[in-house]
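Enquirer: Predicted model, plus sequence, below.
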Amino acid sequence: MHDYFIDRIIHINNKQKFFKKINEKTKFGGGSIRGISTTEIGGGNAVNFSFCLAKLGLEVHLFTTADQIGKNILENLFLGLLNVHLNIFHGRPGFTTSLEFMNQSTFQPESNVMISDVGDNAHFGKEKFKTMIDKNLMRDAVAVVGLNWATNLKGTSLLKYVFSNSPNSLHFVDPADIGDRTSEFCRLLIDNNDLIDILSINENECNSLLSELKLKNRILKGNYDCKKIKRSAQILAQEFKIPINLHTKNGTAFSNGEQAFSISSVKLTKIHNLTGAGDSWDAANVLGYLLNLKPIERLFLANVFAALYLTHGRNLISLTKFIEFYTKMYKQSTNFDIYPIKNICE
């Protein structure tokens, strides 16, 4: 749960030229900028996450909001994935315009800025879960995942409700960009660290939390390495008393406050798109927890799956391709604490 956005991805080849054209058009009252490549898909953190989990072979129940048009797009996205169960409440989905900026040296996407109208994602509360069926589903779930807390004004009460009603499940949270609500999110973590098993964040969210804790000297900036990533994860785990998973462009880390582990990101020569990459990482990370993998194995598993997602795009990923890609990356790895995929599958 819970967020669903209809995403329009706009690919910007040259950031400077693009904004120069915008400035020129606004000086003369507007006009068209042509020759821009766009893609429109059903997205959102919960939707991307659910899609990736399903591709990895898990049974998924997605709870979200959509109108009829949005529902049609969502059903078409999951068409053929019989292990996905859609629980769609009537309402207005979110709409996101994602600007993906290309690196001028490599001509690959290097950053994305998302402009969002969150729709009824802003008011997705515990009242959505009314029936005994929903309560039984939460009780029996091996994992309950709350995504994009930052867009949901009812996010705190929602998490408290679903986690309290799933005492035997893995409770996993990825809040998305908390920049406007960092103080409120910190209070949630402090007051409810007994309910949250795993907090997953990227470098932006990591830096927001560190700044709120008056630890700006620890923020990740410039060409930071795995040592700094690991240290930041450990500091946050100690402060909030919640295990932290930190995924960044340079590497990933896990810490439970006492121990900390990190591993470099997979080096890629070609990137299809960036939107949804963090969700793919989260999906494989949750799978790693359910398989009881060691931290380094789990980080490697998530890194490899995210790399597959980045290079192939969402629609072309599959369990077969992931196993092939994992095997290739495993053979290139020098870390002997990582098992080959056949051991994990067993």
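Expert: Nice, I can see it.
Enquirer: Quick one: residues contacting residue 196.
Expert: Going by CB atoms under 8 Å, 6 or more residues apart in numbering, residue 196 touches 159, 163, 171, 173, 189, 242. Using the backbone N, CA and C atoms, a C-beta is placed for each residue, glycine as well.
Enquirer: Mind doing that once more with 6 Å?
Expert: Contacts here follow CB atoms under 6 Å, 6 or more residues apart in numbering; on that basis residue 196 touches 171, 173, 242.
Enquirer: For the residue lying closest to residue 99 once chain neighbours are set aside, the count of nearby residues, please.
Expert: With sequence-adjacent residues excluded and distances taken as CB to CB, 6 or more residues apart in numbering, residue 99 is closest to residue 113, at 4.7 Å. Neighbours of residue 113 under the rule other CB atoms under 10 Å: 12.
Enquirer: And for residue 193?
Expert: 14.
Enquirer: ok, now residue 262?
Expert: Neighbour count for residue 262, taken as other CB under 10 Å: 25.
Enquirer: picking up where we left off before, so what pLDDT did the residue nearest to residue 99 get?
Expert: We have a pLDDT of 83 for residue 113.
Enquirer: Now do it against residue 15, distance only.
Expert: From residue 113 across to residue 15, the span is 10 Å (CB to CB, to the nearest Å).
Enquirer: Neighbour-wise, give me the winner out of the contacts of residue 196.
Expert: Neighbour-wise, the contacts of residue 196 (other CB under 10 Å) top out at residue 173, 26 neighbours.
Enquirer: Helix or strand next in line after whatever helix or strand it lives in, which one?
Expert: Per DSSP states H and E, residue 173 falls inside strand 170-174. Per DSSP H and E, strand 170-174 leads on to helix 182-191 as the next helix or strand towards the C-terminus.
Enquirer: Mind listing what's buried along that following helix?
Expert: Going by neighbour count (16 or more other CB atoms under 10 Å), the buried part of helix 182-191 is 182, 185, 186, 188, 189.
Enquirer: What pairs with the strand holding residue 173, parallel or antiparallel?
Expert: Strand 170-174 sits in its sheet next to strand 143-147 (parallel), strand 198-202 (parallel), going by DSSP bridges.
Enquirer: could you dump these to TSV with mean neighbour count?
Expert: Formatted as TSV, those follow (neighbours: other CB atoms under 10 Å):
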stretch	mean neighbour count
strand 143-147	23
strand 198-202	23
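Enquirer: so what's the residue lying closest to residue 117 once chain neighbours are set aside bridging to?
Expert: Nearest non-adjacent residue to residue 117, counting by CB to CB, 6+ apart: residue 95, 4.7 Å away. Under DSSP bridges, the beta-bridge partners of residue 95 are residue 6, residue 117.
Enquirer: was I right about residue 95 contacting residue 8?
Expert: No - using CB atoms under 6 Å as the test, residue 95 is too far from residue 8 to be in contact (7.8 Å).
Enquirer: Could you report the distance from residue 6 to residue 119?
Expert: From residue 6 to residue 119 the distance is 9 Å (CB to CB).
Enquirer: so where is the protein shaky, pLDDT-wise?
Expert: 104-109, 269, 274, 334-337, 339-346 (pLDDT under 70).
Enquirer: Counting residues, name the longest helix you see in it.
Expert: Longest helix in the chain, counting residues (DSSP state H): helix 295-312.
Enquirer: Check which helices and strands that helix sits against.
Expert: strand 251-255, strand 260-264, helix 277-290, helix 319-332 (3 or more CB pairs under 6 Å, 6 or more residues apart in numbering; DSSP states H and E).
Enquirer: quick revisit: could I get the strands paired with strand 170-174 as CSV with distance to residue 133?
Expert: Converted to CSV, the strands paired with strand 170-174 look like this (distance: least, CB to CB, whole Å):
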stretch, distance to residue 133
strand 143-147, 15
strand 198-202, 26
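Enquirer: distance of residue 25 from residue 33?
Expert: Counting by CB to CB - residue 25 and residue 33 are separated by 7 Å.
Enquirer: for whichever strand or helix holds residue 61, which positions count as buried?
Expert: Counting by DSSP H and E, the element that carries residue 61 is strand 60-66. The neighbour-count criterion (16+ other CB under 10 Å) identifies 60, 61, 62, 63, 64, 65, 66 as the buried residues of strand 60-66.
Enquirer: before we move on, the earlier item: which one of the strands paired with strand 170-174 lies nearest to residue 319?
Expert: strand 143-147 (18.1 Å; CB to CB).
Enquirer: quick one: buried residues of stretch 203-210?
Expert: For stretch 203-210, the neighbour count (16+ other CB under 10 Å) marks 203, 205, 206, 207, 208, 209, 210 as buried.
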